[in-house]
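Student: What follows is a predicted protein model with its sequence.
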Amino acid sequence: MGNIYDTVRLPKDAGGTLLSSLATKFRAFKLHALQVAPEAFPAELDSESRLPQSTWLSRIAEPSTTILICVTTEKDGDEEPSMSGDKQLRILLDGEWIGMFTMIGPVSRDDYIWPESGQPEPGLEGSETRWQLTSLFTLPAYRGHGIAKRLIEAAIRFGKVVSDEMGRASERDVQTRIRLVVHPDNTGVVKMYEKFGFVDSARMTVAEACIANGAADVVPRYADPKKWHSRFGVAMEILV
């Protein structure tokens, strides 16, 4: 029998011992990911490994961050990232984590704009939700099994859920704008996102990408201009 996968989000309201258990599992998985694929993350293993438990708890609880996890389970079907908290907890605590993706947002229009990047003008406030995707990772043993596809689809789906909720509240159509930044040498990754409808929309610096990805703290105060401020990162965007 083949592996069964579920894509869920880390719940922010688990509370107490359960939340602590999730934070411990999240920390272990993130540190392993940094060992396996350090290029996928803005942070470094050494600094992340020294962070206290309270930081990992805060990362899960952060309102502007949604962490999607792909888990191997024994039940059928891929779940919506907005499923009930009880189901999320059962799957996350009992299953093996094999992939993750982080969503930053909804982002305000002002914070989403990088004037020098050449990006297209985002919609007005209230007409769309805006998201930044970062830190896509799949365990090597599960690459080639469509895990990245599941995580990307779950991210788009979750963004649309939030937009639909906003639209119902305001009685208007609300679109979903999602962006991520890829190194230009990662042509395979660029092609993968193109299959989902992402298009090359701008050029961002490493510093800008880190800030957009919620990792402003990793940008050195006296950053090497060539490394941090050269405009070569491919910003890809989708509007649905």
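Tutor: Right, received. Where do you want to start?

Student: where does this protein have its least confident helix or strand?
Tutor: Across the helices and strands of the chain, mean confidence by mean pLDDT, DSSP states H and E is lowest for helix 85-94: a mean of 80.

Student: Can you tell me which helices and strands that helix packs against?
Tutor: In terms of contacts (3 or more CB pairs under 8 Å, 6 or more residues apart in numbering; DSSP states H and E), helix 85-94 is packed against strand 4-9, helix 16-36, strand 65-73. Bear in mind the C-beta positions are built from the backbone N, C-alpha and C, glycine included.

Student: Each with direction, which strands does the first one pair with?
Tutor: Think strand 4-9. Take DSSP bridges as the rule and strand 4-9 pairs in its sheet with strand 65-73 (antiparallel).

Student: In TSV, list the helices and strands packed on helix 85-94 along with distance to Gly146, mean pLDDT and mean neighbour count.
Tutor: Converted to TSV, the helices and strands packed on helix 85-94 look like this (distance: least, CB to CB, whole Å; pLDDT from 0 to 100; neighbours: other CB atoms under 10 Å):
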stretch	distance to Gly146	mean pLDDT	mean neighbour count
strand 4-9	8	90	23
helix 16-36	18	92	16
strand 65-73	10	93	22
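
Student: For Pro140, which of those is the nearest?
Tutor: helix 16-36 (6.3 Å; CB to CB).

Student: can you list contacts of that closest one?
Tutor: Outside of helix 16-36, the residues within contact range by CB atoms under 8 Å, 6 or more residues apart in numbering are 10-11, 14, 40-41, 43-45, 48-49, 51, 53, 56-57, 59-61, 67, 69, 89, 92-93, 97, 100, 137, 139-140.

Student: need the helices and strands packed on helix 85-94 in CSV with distance to Glu165, can you?
Tutor: Shown next, in CSV, are those (distance: least, CB to CB, whole Å):
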stretch, distance to Glu165
strand 4-9, 15
helix 16-36, 24
strand 65-73, 14
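
Student: send the alpha carbons of the helix ranked longest in the chain over as PDB?
Tutor: Ranked by residue count and defined by DSSP state H, the top helix of the chain is helix 147-170. Once non-C-alpha atoms are left out, helix 147-170 reads as follows in PDB (Å, rounded to 0.1, in the frame of the first residue of the first chain):
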ATOM      1  CA  ILE A 147       4.700  16.700  -1.900                       C
ATOM      2  CA  ALA A 148       5.800  20.100  -3.100                       C
ATOM      3  CA  LYS A 149       2.700  20.100  -5.400                       C
ATOM      4  CA  ARG A 150       0.400  19.400  -2.400                       C
ATOM      5  CA  LEU A 151       2.000  22.100  -0.400                       C
ATOM      6  CA  ILE A 152       1.700  24.700  -3.100                       C
ATOM      7  CA  GLU A 153      -1.900  23.800  -3.800                       C
ATOM      8  CA  ALA A 154      -2.700  24.000  -0.100                       C
ATOM      9  CA  ALA A 155      -1.100  27.400   0.100                       C
ATOM     10  CA  ILE A 156      -3.200  28.700  -2.800                       C
ATOM     11  CA  ARG A 157      -6.300  27.100  -1.400                       C
ATOM     12  CA  PHE A 158      -5.800  28.600   2.000                       C
ATOM     13  CA  GLY A 159      -5.200  32.100   0.600                       C
ATOM     14  CA  LYS A 160      -8.400  31.800  -1.400                       C
ATOM     15  CA  VAL A 161     -10.300  30.700   1.800                       C
ATOM     16  CA  VAL A 162      -9.200  33.900   3.500                       C
ATOM     17  CA  SER A 163     -10.100  36.000   0.500                       C
ATOM     18  CA  ASP A 164     -13.500  34.400   0.300                       C
ATOM     19  CA  GLU A 165     -14.200  35.100   3.900                       C
ATOM     20  CA  MET A 166     -13.200  38.700   3.400                       C
ATOM     21  CA  GLY A 167     -15.300  38.900   0.300                       C
ATOM     22  CA  ARG A 168     -18.400  37.600   2.200                       C
ATOM     23  CA  ALA A 169     -17.800  40.100   5.000                       C
ATOM     24  CA  SER A 170     -17.500  43.100   2.500                       C
END
